[in-house]
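Student: Quick check, what structure comes out for this input:
(2 chains)
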Amino acid sequence: MKKNNLFKAISIIPVIIYSITLILLPLLYIFFLSFQKNDSYGGIIYELTLTNYFTIIDLTYLKVFLKSALIGIITTVLCILISYPFALILKNKSSKVQNLCTKLVMVPFLTNSLIRTYGWIVLLRKNGVINATLQALHITNAPLNLMYNNIGIIIGMTYTLLPFMILPLCSAVFKIDKSLIEAAKDLGASRMQIFKNIIVPESISGVFNGSLMVFIPAIGYFFIADILGGGKEMIIGNLIKNQFLTARNWPLGSAISIFLILITFILVKIYQKLGGKMDDLGGM
Amino acid sequence: MKKSFFKNIFIALVFTFLYLPIIILVIYSFNASKMNVLFTTFTFSWYKTLFYNKDLLEAFFNTLIIAATSTIISTIIGTLSAVGLNKYNFFGKSLILKLIYIPIVIPEIVLGISLLSIYTLTKLELGMFTLILSHIAFSIPFVIVSVRTTISKELNSIEEAAKDLGASPLKTFMLITLPIIKPGVVSGATLALTLSLDDVVISYFTAGPGSNTLPLKIYSMIKTGITPDVNALSTLLLLATIIILTVSTITQSRKVVTK
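Tutor: Below you'll find the model as predicted:
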């Protein structure tokens, strides 16, 4: 009996301590900070106030929120548009090819994301590989502005987050029973009908899973906006980073973070309502 | 015939998109020109200068230390937690089960700033320790989720049988549970290692002035000017990744064959 309790303690106490000290308390503290004031030296004045929340409903902040949402949505849609055909084409290949291809999708992502983002600079900049190639082939006369703008951010986000869409979508599409599609074909269904009535309903959970894992990081990855947006273009991630490290207004930065947490919770609730399982979000 | 040709082209294009930035870096790591614009002559010199770039190497070793330590600790805690949360009921369990999903779903930046705030509040000095602690914080949930996928009803009944036959919980865990959940533990550990090696956002907020990781070093170099030895280091890292992946794939398929 005693031994039983010992194992119970070993297996449960660490996770309790961990989830309280490194998840719950930090988030509660941020929530608390969001209702405090800051002084002009970057310190915190402990005095309850709603100022920070009034500040973030200001037009300049709302513009950044809107733009982040737009970048997130465009990135998510692009990822879906690339991943669906990819998964559907692979569905008709042997399981050996499927395994190899999903592994090959993961390899680049085992190397550092900053190194890969840097690779995009080399490709996208004015005298970069893509512009040089386009001009050498006389497709364009002058270099295109492919980075230090929103195009650069969207390319970078789509690139960085694509596997989070491809992998869940592939596993959902590969699971669809082939005989279902065969039967529909035999009954004279068109390709569009098969896609609309069989493929989409059967794989929609994968789309939701992927969308969540693409959209949420896309509004927070400040380093991609920094590097490929040239520091001129801001998303919510940059806003929070600046309040914490540059402007040193932690209460305001906390309020923006709470807003971001709220958006995340709403999206997760929608995901769960649509039948998504939480455990599916953690796997790669 | 024509249709399958276009389909294969599409797959090839997706892989080109995924691999292009990496291939470019590999090519330029052998380029004599420092400006990276035109390929002039083939050289190994950046690989030599890499070994004299103390800052870059130090950041690289820091990254390895943090990744190794945080992976080991988060794999142990994550595995034990997954088993414990499956086996036992206790007060507040439903709250814990909700909390562990938070690091998976909330934007990394929120986790980063909240950890920074709590470290500042508790006057914990930012450095290697806070970096390792933060990496453990975001890795544990991924290990738990990964291990949970291998815990089934059958496992529970086998454990029950072992208990009835008089095995202690620890013995049951070591001899029965662990061998069964091993695939989940391995994939959880791999995920933790990958996340730690790659992390930019959380490290950005929880690193101290004296502790640099490779991603952070490259981030600051992108702003001040990157040297081609970074390309050389990236190429070496890529090579290591491919070797590890190939070896693990081969050993896995061998096991299947011998079975």
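Student: check contacts around the residue nearest to B:S45 when sequence neighbours are not counted.
Tutor: Leaving aside its chain neighbours, B:S45 sits nearest to B:A32 (7.2 Å; criterion: C-beta to C-beta, 6 or more residues apart in numbering or on different chains). Using the backbone N, CA and C atoms, a C-beta is placed for each residue, glycine as well. Residues near B:A32 by C-beta atoms under 8 Å, 6 or more residues apart in numbering or on different chains: B:40-43, B:45.
Student: hey, where'd the strands end up in chain A?
Tutor: Residue ranges of the strands in chain A, as given by DSSP state E, are A:37-38, A:44-45.
Student: what's the lowest-pLDDT member of the contacts of B:A32?
Tutor: Least confident by pLDDT among those: that is B:T40, with 72.
Student: Just give the number of residues close to that residue.
Tutor: 11 (other C-beta atoms under 10 Å in any protein chain shown).
Student: Of the contacts of B:A32, which is the most crowded?
Tutor: Most neighbours among the contacts of B:A32, by other C-beta under 10 Å: B:T43, with 14 neighbours.
Student: Next, the contact list for it, please.
Tutor: B:30-32.
Student: how about the residues you listed in CSV, adding pLDDT, secondary structure and distance to A:L33?
Tutor: Below are these laid out as CSV (pLDDT from 0 to 100; DSSP: H, G, I helix; E, B strand; the rest coil; distance: C-beta to C-beta, whole Å):
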residue, pLDDT, secondary structure, distance to A:L33
B:F30, 87, coil, 50
B:N31, 82, strand, 48
B:A32, 78, coil, 52
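Student: ok, of these, which one's closest to chain A?
Tutor: B:N31 (10.5 Å; C-beta to the nearest C-beta).
Student: Okay, and the beta partners of the closest one?
Tutor: B:F42 (DSSP bridges).
Student: number of nearby residues for it?
Tutor: For B:N31, using other C-beta under 10 Å, the count is 19.
Student: With B:T150 instead?
Tutor: There are 18 residues near B:T150, going by other C-beta under 10 Å.
Student: Phi, psi for it please.
Tutor: phi -100, psi 0 (degrees, to the nearest 10).
Student: That one contacts B:V186, correct?
Tutor: No - between B:T150 and B:V186 there is no contact under C-beta atoms under 8 Å: 9.8 Å.
Student: quick one: the strands in chain B?
Tutor: Going by DSSP E, chain B shows no strands.
Student: Which helix runs longest in it?
Tutor: helix B:54-87 (DSSP state H).
Student: Then chain A?
Tutor: Under DSSP H, chain A gives helix A:59-91 as its longest helix.
Student: What is that helix packed up against?
Tutor: In terms of contacts (3 or more C-beta pairs under 8 Å, 6 or more residues apart in numbering or on different chains; DSSP states H and E), helix A:59-91 is packed against helix A:95-106, helix A:150-175, helix A:200-218, helix A:236-241, helix B:2-28.
Student: rerun at 10 Å
Tutor: helix A:51-56, helix A:95-106, helix A:150-175, helix A:200-218, helix A:222-228, helix A:236-241, helix A:250-273, helix B:2-28 (3 or more C-beta pairs under 10 Å, 6 or more residues apart in numbering or on different chains; DSSP states H and E).
Student: all helices for chain B, in order.
Tutor: Under DSSP H, chain B gives helices at B:2-28, B:45-50, B:54-87, B:93-99, B:102-105, B:108-121, B:128-148, B:153-164, B:169-172, B:178-198, B:201-206, B:214-224, B:229-258.
Student: now the angle from the third one to helix B:178-198?
Tutor: An angle of 150 degrees separates the directions of helix B:54-87 and helix B:178-198 when computed by axes from the mean of the first three to the mean of the last three C-alpha atoms, to 10 degrees.
Student: gap between helix B:54-87 and the chain center?
Tutor: In terms of C-alpha atoms, centre = their mean, to the nearest Å, the centre of helix B:54-87 is found 8 Å from the chain centre.
Student: ok, so what distance separates the residue of the stretch 51-200 of chain B at minimum distance from chain A from A:M147?
Tutor: Chain A sits closest to B:G84 of the stretch 51-200 of chain B, with a gap of 2.8 Å, by C-beta to the nearest C-beta. Distance of B:G84 to A:M147, computed by C-beta to C-beta, to the nearest Å: 48 Å.
Student: Also A:Y29?
Tutor: 37 Å.
Student: more neighbours, these two?
Tutor: A:M147 (22 against 18).
Student: how many neighbours does the residue lying closest to that one once chain neighbours are set aside have?
Tutor: Closest residue in space to A:M147, ignoring its immediate chain neighbours: A:L124 at 4.2 Å, by C-beta to C-beta, 6+ apart. By other C-beta under 10 Å, the residues close to A:L124 number 22.
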